[in-house]
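**Student:** please find the sequence and the predicted model below.
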Amino acid sequence: MANPALEIHPATTAIEKDDLVIPVIDFGPFFSGTPSDKHAVALSITNAFKTSGFLYLKAHGIPPSIVSRVFTSSSRFFSRPQSQKDSLGWTTPQSNREGISTLRGSAPDLKETLEIGREGVEGLPNHWPDHLDDEGKDFKETMLSFFETCKNLHRQIMSAIALGMNLPEHFFDDFVNEGDNNLRLLHYPAVRKEVFKDNPNQVRAGEHSDYGSVTLLFQDRHGGLQVRSPKGTFVDATPIADTIVVNAGDLLARWSNDTIRSTRHRVIQPPIPAGEGAADSDTYPSRYSIAYFCNPNNNKLIEALPGTYGEDMRIEKKYADITAGDYLVSRLTATI
Ligand SMILES: O=C(O)CCC(=O)C(=O)O
Ligand SMILES: [Fe+2]
C-alpha cells in the first residue's frame, strides 16, 4: 500500500473545463523539501501528464529576470529587417530548424519562428546574427545560456517523472544529458480582427501535438493558447505569471506505453480583456512565446518503460523500439 502521505498533492487547479484539468504545480519542494515532499511533487507531475498531459510549473528555478531578458532579445530579433531574418533561414528536416518561416496558404499560421538547436552539432550549425552587430552577439549569448538553463530543467522534470513512475530518480539522466533539444522563438504579429472574422478556420498556430519528451512553454500575458479537452473542445490555457506551461510530447507518450498523454493544442487570437479598451481596437496585439522542445539523446533507444507493460499486468508493449533520433526525423519529415 502506498504511504498515504504521498497522496497529498501540492497542486492547485488552474484550468478545469470539459473534463480537462490542468494543475499549477509548485516545483519548489522537489528541490528543497523532505523526501516525502519530493515524492508528492513527482506524483502530482506524473499524474498531470497521465491525465491532461499539461501542467503549469511554478517555482521552477528560472528567475523571471532571465525569462524577460529572453523575451526582450526575441522581440528585438523579430523586429530586424526581413532581409536579415531571411539570411538566417535554413531548412533541413533532421534539425527541426525551419529557420524563419512565415507560412502562406488558404488559412496560414500567422506566425514567424526561429529555431535554435544544440550548438556545435557537425553539419547542423545554428545561424546566429552575431556577425551583424552587438545586439546580435548579445542575442547569441542570451539564447545559448537559456538553452542550457532549460536543458537542466528538463533533466529535473524527467527525474520527477522517474520517481512518479516508480523508477530510480536518475533513471533518465543518461537519456537526456546531451541536450538534443530545440529552442523555438515564436512571434505572432499583430493582426487585424477582420482576418479572423472573415475566415472561421483562421488560427495563429494550427492544432498539433509536440513530438519529443516534454515541451517547456513560456508565454507572454496575451493568451490564445488552447488545449484540446477529452470532450473535443478547445479550452483556454490562460497565461499565469512566472509559470512555465509544461506538456508531454508524443515520444514520451510512446515511451510510457501510452500511460502519459501528449495532448493536442493550438493558438488562436487572444481573448479580449474586459475593461481595457482593447475591445475598441481593430487589431489583436502581437504575441511572443518561447517553446523549448526537449528530446532524449538522438542515439538512445526508446523502449517501453519498466512498469508500463508485462504479463502480470496483461499489458503488452504497444510500440516497436526506436531511437529518439529516428523517431523525430520520421515525424519531422512527415510534416514537410
Ligand atoms: O505559442 C504557443 O503558445 C504554442 C506554440 C506551440 O505549441 C508549438 O510551437 O509547438
Ligand atoms: Fe506545441
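**Tutor:** Right, received. Where do you want to start? Ligands and ions are numbered 1, 2, ... in the order given.
**Student:** who are the contact partners of whichever residue of the stretch 151-300 of the chain sits closest to ligand 1?
**Tutor:** Residue of the stretch 151-300 of the chain nearest ligand 1, by Cβ to the nearest ligand atom: residue 289 (3.5 Å). Every C-beta, even on glycine, is put in place using the N, C-alpha and C of the backbone. Applying Cβ atoms under 8 Å, 6 or more residues apart in numbering, we find residue 289 in contact with 186, 188, 217-220, 225, 267.
**Student:** which helix or strand contains it?
**Tutor:** Assigned by DSSP states H and E, residue 289 belongs to strand 287-293.
**Student:** again, but for residue 60
**Tutor:** Per DSSP H and E, there is no helix or strand for residue 60.
**Student:** tell me the residues of the stretch 101-250 of the chain that contact ligand 1?
**Tutor:** 184, 186, 205, 210, 217, 219, 225 (Cβ under 6 Å from any ligand atom).
**Student:** at 5 Å instead, please
**Tutor:** For the stretch 101-250 of the chain, the residues in contact with ligand 1 (Cβ under 5 Å from any ligand atom) are 186, 219, 225.
**Student:** once you drop chain neighbours, what's closest to the last one?
**Tutor:** Put plainly, it is residue 225. Of all residues not flanking residue 225 in the chain, residue 237 sits nearest, at 4.5 Å (Cβ to Cβ, 6 or more residues apart in numbering).
**Student:** the one you found and residue 117: what is the separation?
**Tutor:** Residue 237 sits 26 Å away from residue 117, going by Cβ to Cβ, to the nearest Å.
**Student:** quick revisit: which strand residues bridge the residue of the stretch 151-300 of the chain closest to ligand 1?
**Tutor:** Judged by DSSP bridges, the bridge partners of residue 289 are residue 186, residue 219.
**Student:** now the one 4 residues further on
**Tutor:** Following DSSP bridges, residue 293 is listed with bridge partners residue 182, residue 215.
**Student:** and it, how many neighbours?
**Tutor:** Residue 293 sits with 24 neighbouring residues when counted by other Cβ atoms under 10 Å.
**Student:** ok, it touching residue 212?
**Tutor:** Yes: counting by Cβ atoms under 8 Å, residue 293 touches residue 212, with 5.1 Å between them.
**Student:** quick one: contacts for the residue nearest to residue 225?
**Tutor:** Counting by Cβ under 8 Å, 6+ apart, residue 237 has contacts 15, 22, 54, 225-227, 245, 265.
**Student:** again, 7 Å this time
**Tutor:** Residues counted as contacts of residue 237 (Cβ atoms under 7 Å, 6 or more residues apart in numbering) are 15, 22, 54, 225-227, 245.
**Student:** what packs against the strand or helix carrying residue 74?
**Tutor:** Secondary structure from DSSP H and E places residue 74 in helix 64-78. The helices and strands touching helix 64-78, judged by 3 or more Cβ pairs under 7 Å, 6 or more residues apart in numbering; DSSP states H and E, are helix 134-164, strand 182-188, strand 287-293.
**Student:** now distance to residue 172 and mean pLDDT too, for those, in JSON lines please.
**Tutor:** Output for these, formatted as JSON lines (distance: least, Cβ to Cβ, whole Å; pLDDT from 0 to 100):
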{"stretch": "helix 134-164", "distance to residue 172": "4", "mean pLDDT": "98"}
{"stretch": "strand 182-188", "distance to residue 172": "18", "mean pLDDT": "95"}
{"stretch": "strand 287-293", "distance to residue 172": "16", "mean pLDDT": "97"}
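**Student:** in TSV, list these along with distance to residue 78.
**Tutor:** Converted to TSV, the helices and strands packed on helix 64-78 look like this (distance: least, Cβ to Cβ, whole Å):
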stretch	distance to residue 78
helix 134-164	11
strand 182-188	4
strand 287-293	8
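**Student:** quick one, strands of the stretch 1-150 of the chain?
**Tutor:** 11-17, 20-26, 54-58, 112-116 (DSSP state E, counting those that start in this stretch).
**Student:** pLDDT weak spots in the stretch 151-300 of the chain?
**Tutor:** 273-279 (pLDDT under 70).
**Student:** please enumerate the strands of it.
**Tutor:** Going by DSSP E, counting those that start in this stretch, the stretch 151-300 of the chain shows strands at 182-188, 191-192, 205-208, 214-219, 225-228, 234-236, 244-248, 265-267, 283-284, 287-293.
**Student:** dump the ones you listed into JSON lines; add distance to residue 326 as well.
**Tutor:** Converted to JSON lines, the strands of the stretch 151-300 of the chain look like this (distance: least, Cβ to Cβ, whole Å):
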{"stretch": "strand 182-188", "distance to residue 326": "17"}
{"stretch": "strand 191-192", "distance to residue 326": "38"}
{"stretch": "strand 205-208", "distance to residue 326": "20"}
{"stretch": "strand 214-219", "distance to residue 326": "20"}
{"stretch": "strand 225-228", "distance to residue 326": "27"}
{"stretch": "strand 234-236", "distance to residue 326": "32"}
{"stretch": "strand 244-248", "distance to residue 326": "20"}
{"stretch": "strand 265-267", "distance to residue 326": "25"}
{"stretch": "strand 283-284", "distance to residue 326": "40"}
{"stretch": "strand 287-293", "distance to residue 326": "17"}
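**Student:** wait, residue 239 touches residue 221, no?
**Tutor:** Yes: using Cβ atoms under 7 Å, residue 239 is in contact with residue 221, at 5.3 Å.
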